[in-house]
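# Just a sequence and a predicted model for now, questions to come.
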Amino acid sequence: MEDWWITARSRSAQWYAGSDRNAYIHRAWMRRGLPSDAFDGRPHIAIANTASDLTPCNMHLNEVAEHVKRGVWEAGGVPLNLPVVSLGETNVRPTAMLWRNMAAMAIEEMLRANPIDGVVLLGGCDKTIPALLVAAASVDLPAVVVPGGPMITGTFRGATLGCGTDVWKLSEEVRAGTLSGEAFLHSESSMIRSKGHCNTMGTASTMGLLAEVLGMTLPGLAGTPAPDSRLLEGAHETGRLIVEMIAAGRRPSEVMTRGSFLNAIVALAALGGSTNAVVHLLAIAGRLGVELSQDDFDRTGSGVPLLVDLQPAGRYLMDDLYRAGGLHAVLNELGDLLDPKAITVTGRPLVDHLADAKVYDREVIRPRDAPLQPEAGIAVLYGNLAPDGAVIKPAAASPHLLQHRGPAVVFDSVEDLHARLDDPDLQVTADSVLILRGCGPKGYPGMPEVSNMPVPPKLLAQGVRDMVRICDGRMSGTAYGTVVLHVAPEAAAGGPLGLVRTGDMVILDVENRRLDVDLPAEELAARRPSPTMAEAFARPARGWQRLYVETVQQANTGADLDFLVGSSGDHVPRESH
Ligand code: FES
């Protein structure tokens, strides 16, 4: 009999090689149509697939998976569909972020537990690519992402609609009385016109593009619209590529280095990407043991010019970015700001793939010397309101509010906000600073995207469209405004945000990176959190939420669970029989 099981060295061979009872069981139950030579040492490749009817942005990924499979077979591998936990941003309650770490943990464990040599990661909607990358980083098997791609542009009454961003704008217009409820409902069916994720520079677009900047996709694939046949071509090529990566032993830890993360921070700024990328990149880096801090986003990214004119900060949508030359054209503009040594899944440096990139529409992608904004990255603020930091995206803020002093109007929970915001007697002016607390990782729990509180109707009626808002939660990547978010420590973890009272003067000074309440240190130290805030923070009794609240870390380190930081590799020491 052949001695292939003796010489086969692949990880899957640890299950399949040999003539003992266990190898027999592993092979026999897997056959079901697989040819005998599927077990001759060929690489077995999982397609970690977040397709789900309840994640509408990822519904098309089963088709993408079929094209990955073709490439894998063609290159001599064995593709295996692995449905994994999926998260639909608009559906999952209380917030999809609560489940990012759960999805990542489940994916990590299934990748490690199964007889596979590498994995193709299929994601799209906001949390799915972060969860897949976090998991892949902890298992560190050869891995490559196929981003599901954005949907095509929505249109309504002759004008384009950006999904997400225009929901906020239209709903504000309804609240201001300048748009009828009927017209608002009509716009609903015009916004989502195709498969794919949100087409603004929201979190899904940002993380799909940053997956490529990190080096984790087939070069040139990220940003391909979901209905575009080139996505399927890329999926096919990715199937071939993962087989080659396994032969080369190219793992995420080799690809996602500090240089790759700094490249991602530079790209995040130039793209005008979502603030959510901060917590996701920090979590991925934490799994790899790459030294990365929130301050790196300010140090490396804050001086980078904004080159891409996409909603929510700008005018265009992802379809336009792809037509204008795509991610590579943007990265080519950045040139010297990128680490030339950071490699991709091809084994070659990212910058080597950019030489042929061209810009075809200078309205969408601006040149370095004529940017939309000279400094576009994320600013990290510190002060007696945020001892461990808070972030703001100045490019999405009103310039006149970046230096501001105003009286606080405090809300202890989202429910408190909803109950009082529309009250005509609410004591609030355009100079007020809205503060919403109880929305951090522990407090909500799950750190929802609620930081961009609506402007109170009485101010909307006066023409106010933006004001300073401060929160320990996150903000949708499709939202905009002068919003300070990710305040750490959060109020529910004892942060000073929980001590502010309505009427206290709050000082925002983005230029000097400060966020303070104008109170003597002794007074702040003597205060206790309001009883209503403590009431709103109910500690979950059981299940994932209890585990999450007891172990989740703060936003400034990526909101990962404390015992999940780091990597366990791909080794499983014990047999199952
Ligand atoms: Fe899925 Fe926006 S809801 S990406």
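Yes, it's here.
# Show me the strands in this protein, by range?
44-49, 78-83, 118-123, 143-147, 154-156, 159-161, 379-383, 386-392, 403-411, 433-436, 469-471, 483-485, 505-509, 514-517 (DSSP state E).
# which residues of this structure score low on pLDDT?
1-9, 478 (pLDDT under 70).
# if we can go back for a sec, could you dump the strands of the chain into JSON lines and include distance to the ligand and mean neighbour count?
Every residue, glycine included, has its C-beta placed from N, CA and C. JSON lines is the format used below for those (distance: least, Cβ to the nearest ligand atom, whole Å; neighbours: other Cβ atoms under 10 Å):
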{"stretch": "strand 44-49", "distance to the ligand": "16", "mean neighbour count": "27"}
{"stretch": "strand 78-83", "distance to the ligand": "18", "mean neighbour count": "19"}
{"stretch": "strand 118-123", "distance to the ligand": "10", "mean neighbour count": "30"}
{"stretch": "strand 143-147", "distance to the ligand": "11", "mean neighbour count": "30"}
{"stretch": "strand 154-156", "distance to the ligand": "13", "mean neighbour count": "17"}
{"stretch": "strand 159-161", "distance to the ligand": "13", "mean neighbour count": "18"}
{"stretch": "strand 379-383", "distance to the ligand": "25", "mean neighbour count": "21"}
{"stretch": "strand 386-392", "distance to the ligand": "20", "mean neighbour count": "23"}
{"stretch": "strand 403-411", "distance to the ligand": "25", "mean neighbour count": "19"}
{"stretch": "strand 433-436", "distance to the ligand": "22", "mean neighbour count": "27"}
{"stretch": "strand 469-471", "distance to the ligand": "20", "mean neighbour count": "28"}
{"stretch": "strand 483-485", "distance to the ligand": "18", "mean neighbour count": "27"}
{"stretch": "strand 505-509", "distance to the ligand": "29", "mean neighbour count": "19"}
{"stretch": "strand 514-517", "distance to the ligand": "29", "mean neighbour count": "20"}
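# Flag every residue of the stretch 101-250 of the chain that's near the ligand.
125, 126, 164, 197, 198, 202, 204 (Cβ under 6 Å from any ligand atom).
# Spatially nearest residue to the last one (excluding sequence neighbours)?
It refers to residue 204. residue 197 (3.7 Å; Cβ to Cβ, 6 or more residues apart in numbering).
# For the one you found, give the beta-bridge partners.
residue 150 (DSSP bridges).
# which residues touch it?
57-58, 124-126, 148-151, 204-205, 208, 226 (Cβ atoms under 8 Å, 6 or more residues apart in numbering).
# again, 7 Å this time
57, 124, 125, 148, 150, 151, 204 (Cβ atoms under 7 Å, 6 or more residues apart in numbering).
# Tell me the one of those residues nearest residue 168?
residue 204 (16.2 Å; Cβ to Cβ).
# just to revisit the earlier point, can the contacts of residue 197 go into CSV with extra columns for neighbour count?
Supplementary listing: these in CSV, determined by neighbours: other Cβ atoms under 10 Å:
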residue, neighbour count
57, 30
124, 33
125, 29
148, 31
150, 33
151, 27
204, 35
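# which of the residues you listed lies closest to residue 369?
Nearest to residue 369 among the contacts of residue 197, with distances taken as Cβ to Cβ, is residue 150, at 28.4 Å.
# Which residues lie in contact with residue 137 in this structure?
Per Cβ under 7 Å, 6+ apart, neighbours of residue 137: 252, 256, 284, 287, 288, 567.
# any idea how far the fifth one lies from residue 517?
In other words, residue 288. Residue 288 sits 37 Å away from residue 517, going by Cβ to Cβ, to the nearest Å.
# what angle sits between the biggest helix by length in the chain and strand 143-147?
Longest helix of the chain, by residue count under DSSP state H: helix 229-248. Inter-element angle recorded for helix 229-248 and strand 143-147: 180 degrees (by axes from the mean of the first three to the mean of the last three Cα atoms, to 10 degrees).
# Would you mind getting the angle between helix 229-248 and strand 44-49?
Here helix 229-248 points in a direction 140 degrees away from that of strand 44-49 (the same axes, to 10 degrees).
# mind listing what's buried in helix 229-248?
Using 16 or more other Cβ atoms under 10 Å as the test for burial, helix 229-248 gives 231-232, 234-247.
# what does stretch 46-63 give?
Result for stretch 46-63 [16+ other Cβ under 10 Å]: buried residues 46-52, 55-61.
# Any chance of TSV for these, columns distance to residue 369?
Shown next, in TSV, are those (distance: Cβ to Cβ, whole Å):
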residue	distance to residue 369
46	46
47	43
48	42
49	43
50	40
51	43
52	45
55	41
56	41
57	36
58	39
59	42
60	39
61	40
